[in-house]
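Participant: quick one, structure for this:
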Amino acid sequence: EMSLSPPCSTYPITSTCDELPAARARKRGEVHVIVGTSELSSASFVSTVAKLVNSAYDYPRVSECDVRRRLEMGDAGASSNRVLHLAFRDDALLGACSSTVQAPWTPRGCGHWGLLSVLPSAQGTGVASALVSAAERRLASRRCRGIQIEYEYSPGDAFSERLFAWYEGRCGFKCDSGPPRTRGCQFRRCFKPITHEMHVAADREDVAANATATRARPPPSAERSPKVCACSDSKAEPVPVPRTKEKRTAQSVWGLTMRAINKCRKRRSYKDTGSASSTP
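Facilitator: Numbers count the residues shown, from 1 in each chain. Now for the predicted structure:
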């Protein structure tokens with residue numbers, strides 16, 4: 001479910017994306033990671049992501065339909081189960097990674113990240129680390145207790161040894177089957193607990209992100225009554241004055257009282273008129 005790009009790539013990749021919103025701009029040269037949504041599901045960008053991932057695995061790992069479906073999963077925001085993280089530098093797509101809060105093949109409460117893919121030219125520049133950090137922060141913010149990954153390992157293979165050193169060394173994962181065997185290709189399933197410090201850090205980032213989004217949100221447009229110039233002959237329609245609950249209640253009671261009084265007056269006037277006409 002995960003792979004860094006091998007030295008050679010059989011899929012040509014056009015990694016420049018000119019359709020990113022300007023709000024996602026960062027400092028020049030800085031790696032920034034976003035969660036993909038249907039906003040980026042144009043045919044050209046979907047094809048770019050599919051080529052990047054397939055080049056990392058050196059075989060058709062995902063189709064364009066699969067990429068488009070993964071991008072649409074991000075539309076649910078914080079309630080999304082699986083999302084696709086995308087890494088950019090100067091609006092150039094350099095890598096991708098998937099994170100899932102609860103996958104069908106993981107224990108309950110254990111998150112998962114995979115599909116890690118980085119352009120060969122961008123490896124060693126912090127792209128993979130930025131993607132993994134974003135994925136693990138998201139899983140920590142969703143209160144996962146641990147993280148699971150899987151990869152294939154062949155002893156003596158340079159690429160497998162590189163993955164082993166990175167996943168089970170730098171990233172801190174531990175395989176449930178112990179140390180790797182000395183011969184034969186093997187499937188390694190690894191776990192890492194999410195510490196209290198990771199949960200606290202994820203909460204702080206969520207608070208900071210929400211505060212930034214609140215400041216950036218434009219104030220709601222207030223509907224105002226049309227202004228009329230003093231020299232204009234046109235008349236503006238009267239604007240209803242908002243009334244408090246107590247004032248509305250008092251006015252309702254007053255209206256009912258006045259209607260009752262007027263009704264009594266009419267009845268009395270009718271009686272007086274009738275008695276006068278019958279008098280000889």
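
Participant: what ranges does the stretch 51-200 of the chain have for its helices?
Facilitator: For the stretch 51-200 of the chain, the helices defined by DSSP state H, counting those that start in this stretch occupy 64-73, 127-141, 158-165, 196-216.

Participant: tell me the mean pLDDT for the first one?
Facilitator: Going back to what we said before, that points to helix 64-73. Helix 64-73 carries an average pLDDT of 96.

Participant: same check on the last one?
Facilitator: The average pLDDT within helix 196-216 is 74.

Participant: could you do the third one as well?
Facilitator: The predicted model assigns helix 158-165 a mean pLDDT of 92.

Participant: list the helices and strands it packs on?
Facilitator: Helix 158-165 sits against strand 146-153, with contacts defined as 3 or more Cβ pairs under 8 Å, 6 or more residues apart in numbering; DSSP states H and E. All C-beta atoms are positioned from the backbone trio N, CA, C, and that covers glycine.

Participant: neighbouring strands for the strand it packs on, and are they parallel or not?
Facilitator: Applying DSSP bridges, strand 146-153 is found paired with strand 110-118 (parallel), strand 186-193 (antiparallel).

Participant: make a markdown table out of the helices of the stretch 51-200 of the chain and add mean neighbour count and distance to G95.
Facilitator: Compiled in a markdown table, the helices of the stretch 51-200 of the chain are given as follows (neighbours: other Cβ atoms under 10 Å; distance: least, Cβ to Cβ, whole Å):
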| stretch | mean neighbour count | distance to G95 |
| --- | --- | --- |
| helix 64-73 | 18 | 14 |
| helix 127-141 | 22 | 5 |
| helix 158-165 | 15 | 15 |
| helix 196-216 | 12 | 20 |
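
Participant: these: which one's closest to S47?
Facilitator: With distances scored as Cβ to Cβ, the stretch of these nearest to S47 is helix 64-73 (6.0 Å).

Participant: alpha carbons of that closest one, as PDB, please.
Facilitator: Backbone C-alpha positions of helix 64-73 (Å, rounded to 0.1, in the frame of the first residue of the first chain) are rendered in PDB as follows:
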ATOM      1  CA  GLU A  64      -7.800   7.900 -13.100                       C
ATOM      2  CA  CYS A  65     -11.300   6.900 -11.800                       C
ATOM      3  CA  ASP A  66      -9.700   5.800  -8.500                       C
ATOM      4  CA  VAL A  67      -7.800   9.100  -8.200                       C
ATOM      5  CA  ARG A  68     -11.000  11.100  -8.900                       C
ATOM      6  CA  ARG A  69     -12.900   9.100  -6.300                       C
ATOM      7  CA  ARG A  70     -10.200   9.700  -3.700                       C
ATOM      8  CA  LEU A  71     -10.200  13.400  -4.400                       C
ATOM      9  CA  GLU A  72     -14.000  13.500  -4.000                       C
ATOM     10  CA  MET A  73     -13.700  11.800  -0.600                       C
END
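
Participant: and that helix, what does it pack against?
Facilitator: helix 43-57, strand 82-89.

Participant: I'd like the helices of the stretch 51-200 of the chain laid out as a markdown table, including distance to L52.
Facilitator: Putting these into a markdown table (distance: least, Cβ to Cβ, whole Å) gives the following:
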| stretch | distance to L52 |
| --- | --- |
| helix 64-73 | 10 |
| helix 127-141 | 11 |
| helix 158-165 | 18 |
| helix 196-216 | 26 |
